[in-house]
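Trainee: I'll drop the sequence and a predicted model, then ask my questions.
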Amino acid sequence: MSVLSAATRAEVERHRDRYPQARSAVLPSLWALQNQIGHVSPEGMREVSEILGLAPSEVEAVASFYAMYLDRPGGRHHVLVCVNVSCGLRGADDIVAHLERRLGCPSGGTSADGEFTWEHTVECLGACGGAPAMQVDHHFHENLTPERVDAVLEAVRAPSARAGGDRS
Amino acid sequence: MPDTRPVEQPEDGRVGVTVDGRAVRVPKGTLVLDAATQAGVHIPVYCAHPKMDPVAVCRMCLVKLSTSPKLQPACATVVSDGMAVETRAPEVVKEQEGVLEFLLLNHPLDCPVCDRGGECDLQDFTQRYGPPTSRFPITEKVHFNKALRLSDRIELDQERCILCWRCTRYYEEITGEKELVLQQRGVHTLVATFNGQPLTSEFQGNLPEVCPVGALTHVRYRFVSRPWDLQRTASICPECSYGCNLNVDSRDFEIKRFASRDNPLVDDMWLCDRGRYSFPRWNSTDRVRRPLVREARGGVPVAVTLAGAVAAAARQLAAVREERGPGAIAVLGSPESTNEELWLLRRLAREVLGTPHLDHQLERFAGLAPAEHDLGIAETEECRAVVVLGEEPEHRAPVLRLRLFKAETKRGVRVHRLPAGTAPAQAVEAVGTGPGLVGVIADETARAGAAEIAAALAAAGATVKRLTVTRGPNGRGAKDLGVTPGLDAGYRAAAEGMSGREILEAAAAGRVGALVMLNGAALAVDGDDRDLLERALASVAVLVAVESRPGPVAQSATVLIPGHSLMEKLGTITSCEGRVQRVRAALPPATATATETGVLSMLAGALGSTGWPSDPIAVHREIVTAVPAYAQAGNGGRALFRGAPA
């Protein structure tokens, strides 16, 4: 049984064909995998390696190097909070404390309802102009306050928000 | 990597450099590290490896160059004319201390229980180049898994790893299997397999030797010995005909490990796991230890002296010859005997007993000719293309696979692996027509097909050389020295006789009066052949056997003389490419009787042919006098029979 959907498979093949060397396509291919199943699983990495014509060990070596590929299943939504200089000066610590309380788990954990995995171990998200900032399923949310965080989480959690289906 | 090649090249293609004031001239393109070695100056390295491309990741080899404002890695910098290299400049010393202090940052202080203690580059270089103390507290070390079983052969201590990348590069450059990679990042980086699955390579045993520290260790050598307690004997791997050089490391009269011994023309310092881990069988104490004589089949075995056994053997053989003629006697050697033993066995059969029925293997090889052993192992790298017939050659001699991978990836040789039954026309189509050296490699079962393919390739314009992977460590020597029916030493035609299988079948049918066997138990390995052997042994009236292992031959012998194993004696064996190499005694013999050459010399004397040499060195002198190819081969060269009768 294949892990990769036909669409993901096609996307990996597209990345592969774009570069002179298949190795160059590892990072975007891993994103395609993570976007489909929420993390980079060993079976998924093996299938990616087969499409790219690489050893599975090479793909896992790349995946493990980068912090933003998740090596185990998380919640339905992925929340990254920036705690770098600009966000830190503008109150990121309060956002982190609020998320910890609100989601009931420490950074790196998943909320009990399985909706959110969150972490603040990422480096600068590049949204200093709107600090403090966080990224939810690859979408930026800026100028955060605890209230605005709640609103974002509720909107993402609401079924109507998920109806679009595109989380990339 | 900085390219410091000079614009002008001296005419001889060499450049002059000084290393710590010592002047040397080296070929252009030489690495600073190699130039220093030539000047007799030691530069410490971890990531650099003589068989791998430079990566310059460990930073241990940084040196001061007159051509560069900053320190440069000696392992990855090419010399230029007039370059002055300093390896003990104050800034180099400071840098080496700094690198070692960092390498030891998270390294455990477990040298006293580490397998590598005493032969560890981290230990040695810390002694020689390291700072006296560390500024990092021992309580703050980052810890990893100390006993990660990577397979049933290899265990990894991730704390001891210094991240030199040698093992990952070994898997990338030498075997191409890419089983080990670096995972994670920064201080958490570790060597691991994909998804934690076990290693499956048949060349894992090289990893602990590639590792400069005690991170990768042999499961079968864990906590076994210190290197200074081992006795090292240079010998040859007894497992197949490829002839890999190795060191036999023994302690208390037991072999503890086989270690590689680099011969760039043969093994290129790699061993296969089958050969490397075959050592326990030589430690077996289940051995034939005393001469025995049965006056008749089924009689009670009587313990005798060696002289008594030899006299009984001569008496029994002479009686058969008297009664039924010399053709009723058959002689079987084996591919596990040395050249010196096989030489005396050949003389015994052809000169003393007068029988043409002499062989060292079961199958008859029609049209056996030296041309099928012409291609050298290292010569494969010079070929335009190499044809490998079937899976057998690389299955029988696994290290051949590494040589072919090197030829393919580093020398651009095209390697065509074709099924054993490939038609000559198809092989020509795969290789293409035209000149150039083309190698054809096959095992002994595919000899005929290989000959046809070689002829077709030659007709298509190529210069073709063949390599046949023989069976047993010395199947090639037995053929060279005439222990084969119809062919005498040097492939000269001799009176036609029975092959090994024909001898056993004739014996089983009662048509053989006496059988002389040297290491005969090695002949029949699988079920059907073993059955044939046992039927032959049950039917023959006289069985004179020199045998080291208990088994059907030892049980049936009318005269049994204990043999010495390949680990217990001196001699030469000839690899499939014709390389004549020495085996040496690594263990004391399990019997007090003479070695095989001595026994054969005594037996010839008892049969009336006196004055034979009895020690292997004297026998070898006789061989090189009689067989010019062996004189040319010397010790470690190839015996070539070009121009010899086909």
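Mentor: Arrived safely, thanks for sending. Numbering: from 1, shown residues only, chains lettered A, B, ... in the order given.
Trainee: what's the neighbour count on whatever residue of the stretch 201-350 of chain B ends up closest to chain A?
Mentor: Nearest residue of the stretch 201-350 of chain B to chain A: residue B:201, at 12.0 Å (Cβ to the nearest Cβ). All C-beta atoms are positioned from the backbone trio N, CA, C, and that covers glycine. By the measure other Cβ atoms under 10 Å in any protein chain shown, the count of residues near residue B:201 is 21.
Trainee: per-residue pLDDT, it?
Mentor: Reading off the confidence values, residue B:201 has pLDDT 98.
Trainee: just the one 4 residues further on next, same as before
Mentor: Here, the pLDDT recorded for residue B:205 equals 98.
Trainee: now it. Nearest residue, chain neighbours left out?
Mentor: Nearest residue to residue B:205, sequence neighbours excluded (Cβ to Cβ, 6 or more residues apart in numbering or on different chains): residue B:276, at 4.0 Å.
Trainee: hmm, residue B:258 and the one you found touching each other?
Mentor: Yes - between residue B:276 and residue B:258 there is a contact under Cβ atoms under 8 Å: 5.0 Å.
Trainee: show me the common contact partners of these two, please.
Mentor: Residues touching both residue B:276 and residue B:258 by Cβ atoms under 8 Å, 6 or more residues apart in numbering or on different chains: B:237, B:246.
Trainee: break chain A down into its domains, please.
Mentor: A:6-65, A:77-162 (automatic domain parsing).
Trainee: out of these, which is closest to chain B?
Mentor: Using Cβ to the nearest Cβ, the domains of chain A put domain A:6-65 closest to chain B, at 3.8 Å.
Trainee: and the nearest residue to residue B:32 once chain neighbours are set aside, how close does it get to chain A?
Mentor: Among residues not flanking residue B:32 along the chain, residue B:74 sits closest, at 4.0 Å (Cβ to Cβ, 6+ apart). Going from residue B:74 to chain A by Cβ to the nearest Cβ, to the nearest Å gives 28 Å.
Trainee: could you tell me the phi and psi values at the residue positioned nearest the centre of chain A?
Mentor: The residue lying closest to the centre of chain A (Cα atoms, centre = their mean) is residue A:78, at 5.3 Å. Note on residue A:78: backbone dihedrals following degrees, to the nearest 10 are phi -120, psi 120.
Trainee: residue contacts, it?
Mentor: Going by Cβ under 8 Å, 6+ apart, the list of residues near residue A:78 reads A:38, A:70, A:116, A:117, A:118, A:136, A:137.
Trainee: the same query, at a cut-off of 10 Å, please.
Mentor: Residues near residue A:78 by Cβ atoms under 10 Å, 6 or more residues apart in numbering or on different chains: A:34, A:38-39, A:68, A:70, A:110, A:116-119, A:135-138, A:167.
Trainee: ok, now residue A:105?
Mentor: By Cβ under 10 Å, 6+ apart, the residues touching residue A:105 are A:75, A:99, A:111, A:112, A:116, A:117, A:118.
Trainee: what's the most distant pair in the residues you listed?
Mentor: Farthest pair in those (Cβ to Cβ) is A:99 and A:112. Separation: 14.0 Å.
Trainee: packing partners for the longest helix along chain B?
Mentor: Ranked by number of residues, the top helix in chain B under DSSP state H is helix B:306-324. Contacts defined by 3 or more Cβ pairs under 10 Å, 6 or more residues apart in numbering or on different chains; DSSP states H and E place helix B:306-324 against strand B:292-293, strand B:302-303, strand B:329-332, strand B:514-518, strand B:542-547, strand B:559-562, helix B:596-606.
Trainee: sheet partners, orientation included, of the third one?
Mentor: Here strand B:329-332 is paired, per DSSP bridges, with strand B:358-359 (parallel), strand B:514-518 (parallel).
Trainee: tell me which of residue A:99 and residue A:112 has more neighbours.
Mentor: residue A:99 (26 against 11).
Trainee: just the CA coordinates for the helix or strand the more buried one falls within, please, in PDB.
Mentor: If you go by DSSP states H and E, residue A:99 is part of helix A:92-103. The C-alpha trace of helix A:92-103 is given here as PDB (Å, rounded to 0.1, in the frame of the first residue of the first chain):
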ATOM      1  CA  ALA A  92       6.600  36.400  22.200                       C
ATOM      2  CA  ASP A  93       7.100  35.000  25.700                       C
ATOM      3  CA  ASP A  94       3.500  35.800  26.600                       C
ATOM      4  CA  ILE A  95       2.300  34.100  23.400                       C
ATOM      5  CA  VAL A  96       4.300  31.000  24.300                       C
ATOM      6  CA  ALA A  97       2.900  31.000  27.800                       C
ATOM      7  CA  HIS A  98      -0.600  31.500  26.500                       C
ATOM      8  CA  LEU A  99      -0.300  28.600  24.000                       C
ATOM      9  CA  GLU A 100       1.100  26.300  26.600                       C
ATOM     10  CA  ARG A 101      -1.900  27.000  28.800                       C
ATOM     11  CA  ARG A 102      -4.500  27.100  26.000                       C
ATOM     12  CA  LEU A 103      -3.400  23.800  24.300                       C
END
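Trainee: could you list the buried residues of that helix?
Mentor: Neighbour-count burial for helix A:92-103 flags A:92, A:95, A:96, A:98, A:99, A:103 (criterion: 16 or more other Cβ atoms under 10 Å in any protein chain shown).
Trainee: on the pLDDT front, check the second one for me.
Mentor: Which is residue A:95. The model's pLDDT for residue A:95 equals 96.
Trainee: how near is the residue of chain A most remote from its centre to residue A:52?
Mentor: Ranked by distance from the centre of chain A (Cα atoms, centre = their mean), the top residue is residue A:20, with 27.4 Å. For residue A:20, the distance to residue A:52 equals 13 Å [Cβ to Cβ, to the nearest Å].
Trainee: residue B:292 now?
Mentor: Distance of residue B:292 to residue A:52, computed by Cβ to Cβ: 66 Å.
Trainee: how many neighbours does residue B:289 have?
Mentor: Using other Cβ under 10 Å, residue B:289 has 14 neighbouring residues.
Trainee: hmm, I typed the wrong one, I wanted residue B:504.
Mentor: By the criterion of other Cβ under 10 Å, residue B:504 has 29 neighbours.
Trainee: list the residues that contact it.
Mentor: Neighbour list for residue B:504: B:330, B:332, B:359, B:362, B:498, B:512, B:515, B:520, B:523-524, B:529, B:532-537, B:539-540 [criterion: Cβ under 10 Å, 6+ apart].
Trainee: and if we set it to 8 Å?
Mentor: B:362, B:524, B:532, B:533, B:535, B:536.
Trainee: that older thread, CSV for the helices and strands packed on helix B:306-324, including distance to residue B:425 and mean pLDDT?
Mentor: Below are the helices and strands packed on helix B:306-324 laid out as CSV (distance: least, Cβ to Cβ, whole Å; pLDDT from 0 to 100):
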stretch, distance to residue B:425, mean pLDDT
strand B:292-293, 58, 97
strand B:302-303, 64, 96
strand B:329-332, 40, 97
strand B:514-518, 44, 97
strand B:542-547, 48, 97
strand B:559-562, 53, 97
helix B:596-606, 48, 98
